[in-house]
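S.K.: Here is my input; please provide its structure:
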Amino acid sequence: MIGPTPAQITEELRHFQARLTEGARTLRGLGPIETGVLPRDPVYQEDKLVLYRYRPRVAEPHPVPLLIVYALVNRPYMMDLQEDRSLIRGLLDAGLDVYLIDWGYPDAGDRHLSLADYILRYIGHCVHHLREHHQRDSINLAGVCQGGALSLCFTALHPEKIRNLVTMVTPVDFHTPDNVLTHLIRYVDVDLLVDTLGNLPGQLLNFTFLSLSPFRLAGQKYVDLVDILDDAQTVKNFLRMEKWIFDSPDQAGEAFRQFAKDFFQQNKLVKGDVVIDGQRVDLHNVTMPVLNVYANQDHLVPPAASRALAGCCGSRDYSELSFEGGHIGIYVSGRAQRKIPPAIAAWLLAR
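M.R.: Okay, here's the model as predicted:
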């Protein structure tokens, strides 16, 4: 096979240089990269936690509020990344009254926070605030990824306070054969790690996530970036995602220790052996309606890890919603915007 001629190589390099030059001008003119675009108001604060209420987009939102519990390992503005990629906007447009927990950024003073603090105290106090404010015995709860596992724990311990439960890309069985993240964590000396570092650096966890798909996440996307550098809006969208990826909070040491050992290493959630502040988490106590949303191409939470919830929760009204995409695409892709928020809202409004 005859390769490219020297003249062709020279011409390609010339075009590449021209794209880089044009891209430099584009980057200089972008300005701030904003995320979290919808107006919202803080309604409750505790330590570094802030509970936000998103301003309704209909005259009379549904009387039962929806509380979104995001994962601890990333920032929750992924749910409202930009104007045309906002799962929260879709829920608001459907008439829901949406609240979201922002966990903030743990520091050295938070290293002793446990899962009991996050589940019983923080989530519990937010649920109490909404029940009091809306004068409701129970509210709707939506847990995302690790936040879904935390929400399952809270719901199993206080089922009377949750009317409907939505889990999104939530791991339940952490030992499915295709769970690459578990294979990485299973042999880590978690006690030594936490005792040495205190809090787990967000950059360390971020490197771990990127290493699961290194060619695509740490190489190819930057090569492809050159081809869009002449489009300011497309570059802004790219940088919003980059900002979210690398905006990784540190993890409170004790909470990380328990989650890594009990959930990833020992798979206690699906076995019913997780203990929070002396109370055993039995998913059979999750008897309210459950909607389990998962992504078929999820490399972090394989579908089987999420669908395991069907066999261990106690709900007689259990539904699943599958999405043809990945762990991040389920929040921000155009197809997800058209499918996921309307489906969740319709499910909740019917109940």
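S.K.: Where is the longest helix in the chain?
M.R.: When the chain is parsed with DSSP state H, its longest helix is helix 6-28.
S.K.: which other helices and strands contact the helix or strand following that one?
M.R.: Using DSSP states H and E, the next helix or strand after helix 6-28 towards the C-terminus is strand 40-46. Contact partners of strand 40-46 among helices and strands, from 3 or more Cβ pairs under 8 Å, 6 or more residues apart in numbering; DSSP states H and E: strand 49-54, helix 124-134. In short, each C-beta sits where N, CA and C put it, glycine included.
S.K.: can you pull out the strands in the stretch 101-250 of the chain?
M.R.: In the stretch 101-250 of the chain, the strands defined using DSSP state E, counting those that start in this stretch lie at 139-144, 162-168.
S.K.: re the thing from before, contact partners of the longest helix of the chain?
M.R.: Residues outside helix 6-28 that contact it (Cβ atoms under 8 Å, 6 or more residues apart in numbering): 4, 226-227, 229-232, 235.
S.K.: quick one on the thing from earlier: nearest to Ser333 among the helices and strands packed on strand 40-46 would be which one?
M.R.: strand 49-54 (21.1 Å; Cβ to Cβ).
S.K.: so how far is the closest one off the chain centroid?
M.R.: 16 Å (Cα atoms, centre = their mean, to the nearest Å).
S.K.: before we move on, what about stretch 273-290?
M.R.: Relative to its chain's centre, stretch 273-290 lies at 21 Å (Cα atoms, centre = their mean).
S.K.: Over to stretch 150-157?
M.R.: 17 Å.
S.K.: likewise stretch 256-272?
M.R.: Distance, centroid of stretch 256-272 to centroid of chain: 19 Å (Cα atoms, centre = their mean).
S.K.: For that stretch, buried residues please.
M.R.: 256-265, 267-270 (16 or more other Cβ atoms under 10 Å).
S.K.: the helices in the stretch 151-300 of the chain, which residues?
M.R.: If DSSP state H, counting those that start in this stretch is used as the criterion, the helices of the stretch 151-300 of the chain fall at 180-185, 190-197, 202-211, 214-215, 221-225, 232-246, 253-258, 268-271.
S.K.: could you check the angle helix 6-28 makes with the longest one?
M.R.: In terms of direction (axes from the mean of the first three to the mean of the last three Cα atoms, to 10 degrees), helix 232-246 departs from helix 6-28 by 80 degrees.
S.K.: average pLDDT across helix 232-246?
M.R.: Across helix 232-246, pLDDT averages out at 82.
S.K.: do the same with the last one
M.R.: With pLDDT averaged residue by residue, helix 268-271 scores 96.
S.K.: Could you list every helix and strand in contact with that helix?
M.R.: For helix 268-271, the packing partners by 3+ Cβ pairs under 8 Å, 6+ apart come out as helix 146-157.
S.K.: export the helices of the stretch 151-300 of the chain to TSV and tack on distance to Val58?
M.R.: Formatted as TSV, the helices of the stretch 151-300 of the chain follow (distance: least, Cβ to Cβ, whole Å):
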stretch	distance to Val58
helix 180-185	39
helix 190-197	46
helix 202-211	36
helix 214-215	44
helix 221-225	37
helix 232-246	27
helix 253-258	37
helix 268-271	36
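S.K.: Can you tell me which of those is nearest to Gln82?
M.R.: Here helix 232-246 is closest among the helices of the stretch 151-300 of the chain (Cβ to Cβ), at 5.8 Å.
S.K.: All set now, cheers.
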